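Chemist: Dropping a prediction and its sequence here:
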Amino acid sequence: MAEVNIRPLGDRVLVKLVEEQETKKGGIIIPDTAKEKPQEATVVAVGPGRLEEGKRIPIELKKDQRVLISKYGGTEVKIDGEAYQILREDDVLAVVG
Amino acid sequence: MAEVNIRPLGDRVLVKLVEEQETKKGGIIIPDTAKEKPQEATVVAVGPGRLEEGKRIPIELKKDQRVLISKYGGTEVKIDGEAYQILREDDVLAVVG
Amino acid sequence: MAEVNIRPLGDRVLVKLVEEQETKKGGIIIPDTAKEKPQEATVVAVGPGRLEEGKRIPIELKKDQRVLISKYGGTEVKIDGEAYQILREDDVLAVVG
Amino acid sequence: MAEVNIRPLGDRVLVKLVEEQETKKGGIIIPDTAKEKPQEATVVAVGPGRLEEGKRIPIELKKDQRVLISKYGGTEVKIDGEAYQILREDDVLAVVG
Amino acid sequence: MAEVNIRPLGDRVLVKLVEEQETKKGGIIIPDTAKEKPQEATVVAVGPGRLEEGKRIPIELKKDQRVLISKYGGTEVKIDGEAYQILREDDVLAVVG
Amino acid sequence: MAEVNIRPLGDRVLVKLVEEQETKKGGIIIPDTAKEKPQEATVVAVGPGRLEEGKRIPIELKKDQRVLISKYGGTEVKIDGEAYQILREDDVLAVVG
Amino acid sequence: MAEVNIRPLGDRVLVKLVEEQETKKGGIIIPDTAKEKPQEATVVAVGPGRLEEGKRIPIELKKDQRVLISKYGGTEVKIDGEAYQILREDDVLAVVG
């Protein structure tokens, strides 16, 4: 995966959305009827973590991890024609694999 | 129950919904008229717990426990055709049995 | 009263709703016009209490106490045909008797 | 005033509403046009106070005090045909007399 | 100004609204078009202040001060035909004079 | 600028709105289409600052500073025919000049 | 870029919006369909940071950095015909480049 020149701030992470076809092959299908549909994505960059009373709380996610993210709270960005999302670490639900 | 390759983050747990038929046999019936209908589910995986001022608060639920969960706050995921839900530990109401 | 196999989590309690007829005999009548109508109920099981900065805050309600509960925040559950409710201790307004 | 068998929990108090006729004689008239109309009431029972980091914060109101209460946040209860209200101490605006 | 027999609780103050005619003479005119119109009033009684972690935070307003109050958060009370208001100290915007 | 006899309380400041004509000469034009239009104003008086755990946090704005203020949270007051506004220090966005 | 005479307060920053044409050349395209569309901007001035329990938390952004900002929470200002925005540091999502 190509490098991108975006560095998330605070407790934010930048993820690249996994296309739906690819999602189905991995065995996880997210139902259309779900009120809040999660999405699969790959971590591309993580912020330095937020400051809490002067102390930095590092982000535990790592580059290249496959994750399930919540649909809420994130911001879509397209870089060189591919869909990315910037979201807070707390909106990442789970690590896949 | 087969293993799943999803690790919840923070104070989240992954549960597998118990099918309705199975629910009725266990003696607990959730009324259709209830404003907030709970659901029975089985704990499949638990997160590491959330960080509070640098200290990890471990999740008290354990794998394979049968629980009642709130309908709010969770996210549905289908894995190999079966219904799972990722939700925060605080949205688990009670342990059954 | 028969035992039930549900253990509330955190600061939640499980109560069995007292039927209306029984309520009137006890002298307390809850008006139909009240914006928020409380209900009488009997405590069936109490959770371990919530954790606050690593310390457990025990629930002060005890099994078999008769209580008035708020209509909000609770979750109805039917067990063997009888109406129960799971709610947070803070949604219990008063002890009766 | 007869005793009632209701013990409020936490920072809640039980008050008996003063009937309107009685209110006018006391010199305080609450206008019909007021957005939030307070009501006069008499304190019947007080809870033990809420717990704050393990310490009990006692309620400062005393039985038999005449008070002005806010219309919001309280719960009406009728005991032996008389109107009572359970509300948090913070929803009591002032002591009268 | 006659004494009134109402003692505000916590961080609340009792103020007597200044009639509009009197307001204009003092030079301050509150526009009809203002989204949130303040009102002039005179402090009649102050509460003991709220408790913060067991310590009393005294109210800084004093009896007989002329103040500007916010229209929100207060509760109107009529005593012997005159308009009073009970409100939290934080809803008093400024001291006049 | 004439003195006014209003002393803001807590973390509030009193500002005099700069008339639109005067605003344009200063080079800053606030677009009509802006969702939240700021306004230019001059600081007339500042409160003592709010109390935080018994310690006074002084206001950093000074009398006669030209500022940009948010349209939300403030309260309009007219004194001797001129438009003033009372608002919290946090609703002042920037110092001009 | 010309200097502007606006100093943001607290944890606010002043940014100059990058025009859309310029954005596309940089390779980042923000989709029209995105629920929350971020915008590219250049940091023009940063505030001193907010006070937290008497300690100043300095802003980590620096003048001339290219950033992605959230559409919410900011306030538009036009200076000498160019579009600027004042927003809190937390509403800056990422640094570009």
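Modeler: Alright, I've got the coordinates.

Chemist: what's across from A:V43 in the sheet?
Modeler: A:V15 (DSSP bridges).

Chemist: how much space between the closest residue to A:Q65 other than its chain neighbours and B:R56?
Modeler: Sequence neighbours aside, A:V43 is the residue nearest to A:Q65 in space, at 4.7 Å (criterion: C-beta to C-beta, 6 or more residues apart in numbering or on different chains). In this view, the C-beta of every residue, glycine as well, is placed from N, C-alpha and C. A:V43 sits 21 Å away from B:R56, going by C-beta to C-beta, to the nearest Å.

Chemist: So for these two, which residue has more residues nearby?
Modeler: The neighbour count for A:V43 versus B:R56, taken as other C-beta atoms under 10 Å in any protein chain shown, is higher for A:V43 (21 against 11).

Chemist: Isn't that one up against A:E60?
Modeler: No: the pair A:V43 / A:E60 is not scored as a contact, 10.7 Å apart, by C-beta atoms under 8 Å.

Chemist: A:L93 against A:L61, yeah?
Modeler: No: look at A:L93 against A:L61 with C-beta under 8 Å: they stay out of range, at 11.5 Å.

Chemist: Mind listing the shared neighbours of these two?
Modeler: Residues within reach of A:L93 and of A:L61 at once, by C-beta atoms under 8 Å, 6 or more residues apart in numbering or on different chains, are A:67, B:9.

Chemist: ok, those two, which is more surrounded?
Modeler: Applying other C-beta under 10 Å to A:L93 and A:L61 shows that A:L93 carries more neighbours, namely 26 against 17.

Chemist: if I pick that one, what's in contact with it?
Modeler: Taking C-beta under 8 Å, 6+ apart, one finds A:38, A:67-70, B:8-9, B:12, B:75, B:86 in contact with A:L93.

Chemist: so can I have a markdown table of these showing secondary structure and distance to chain G?
Modeler: Shown next, in a markdown table, are the contacts of A:L93 (DSSP: H, G, I helix; E, B strand; the rest coil; distance: C-beta to the nearest C-beta, whole Å):
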| residue | secondary structure | distance to chain G |
| --- | --- | --- |
| A:P38 | coil | 16 |
| A:V67 | strand | 18 |
| A:L68 | strand | 19 |
| A:I69 | strand | 14 |
| A:S70 | coil | 13 |
| B:P8 | strand | 25 |
| B:L9 | coil | 21 |
| B:R12 | strand | 24 |
| B:T75 | strand | 18 |
| B:I86 | strand | 22 |
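
Chemist: Dump the residues you listed into CSV; add distance to chain C and neighbour count as well.
Modeler: Listed next are those as CSV, based on distance: C-beta to the nearest C-beta, whole Å; neighbours: other C-beta atoms under 10 Å in any protein chain shown:
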residue, distance to chain C, neighbour count
A:P38, 24, 21
A:V67, 27, 25
A:L68, 24, 23
A:I69, 27, 22
A:S70, 23, 18
B:P8, 17, 23
B:L9, 19, 20
B:R12, 15, 26
B:T75, 19, 23
B:I86, 17, 25
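
Chemist: among those residues, which are in reach of chain E?
Modeler: Subset of the contacts of A:L93 in contact with chain E: empty, counting by C-beta under 8 Å from any C-beta of the partner chain.

Chemist: between the residues you listed, which is nearest chain E?
Modeler: B:R12 (32.6 Å; C-beta to the nearest C-beta).

Chemist: does the closest one really touch B:E89, like I thought?
Modeler: Yes: here B:R12 reaches B:E89: they are 7.3 Å apart, a contact under C-beta under 8 Å.

Chemist: Which neighbours do the two have in common?
Modeler: What both B:R12 and B:E89 touch, as defined by C-beta under 8 Å, 6+ apart, is the set B:G47.

Chemist: The nearest residue to A:P8 once chain neighbours are set aside: what's it in contact with?
Modeler: Once flanking residues are discounted, A:P8 sits nearest to A:G47: 4.0 Å by C-beta to C-beta, 6+ apart. A:G47 makes contacts with A:7-13, A:59, A:89, G:94, as judged by C-beta under 8 Å, 6+ apart.

Chemist: Could you list the low-confidence segments of chain A?
Modeler: A:1-2, A:20-37, A:73 (pLDDT under 70).

Chemist: Tell me how many other residues crowd A:T42.
Modeler: 16.

Chemist: separation between it and B:A45?
Modeler: For A:T42, the distance to B:A45 - C-beta to C-beta - is 21 Å.

Chemist: Which pair in the contacts of A:G47 has the greatest spatial separation?
Modeler: Within the contacts of A:G47, two members stand farthest from each other by C-beta to C-beta: A:R7 and A:E89, at 14.7 Å.

Chemist: If you count surrounding residues, which of those two has more?
Modeler: Taking neighbours as other C-beta under 10 Å, A:R7 and A:E89 compare with A:E89 leading, 23 against 17.

Chemist: Hmm, A:A45 is touching A:K63, no?
Modeler: Yes: if you go by C-beta under 8 Å, A:A45 and A:K63 touch, sitting 6.7 Å apart.

Chemist: Residue numbers of chain A in contact with chain C?
Modeler: Counting by C-beta under 8 Å from any C-beta, no residue of chain A is near chain C.

Chemist: can you map out the strands along chain A?
Modeler: A:6-8, A:12-17, A:28-29, A:39-46, A:50-52, A:55-57, A:66-69, A:75-79, A:82-88, A:92-96 (DSSP state E).

Chemist: Just give me the neighbour total for A:E60.
Modeler: Neighbour number of A:E60 under other C-beta under 10 Å is 15.
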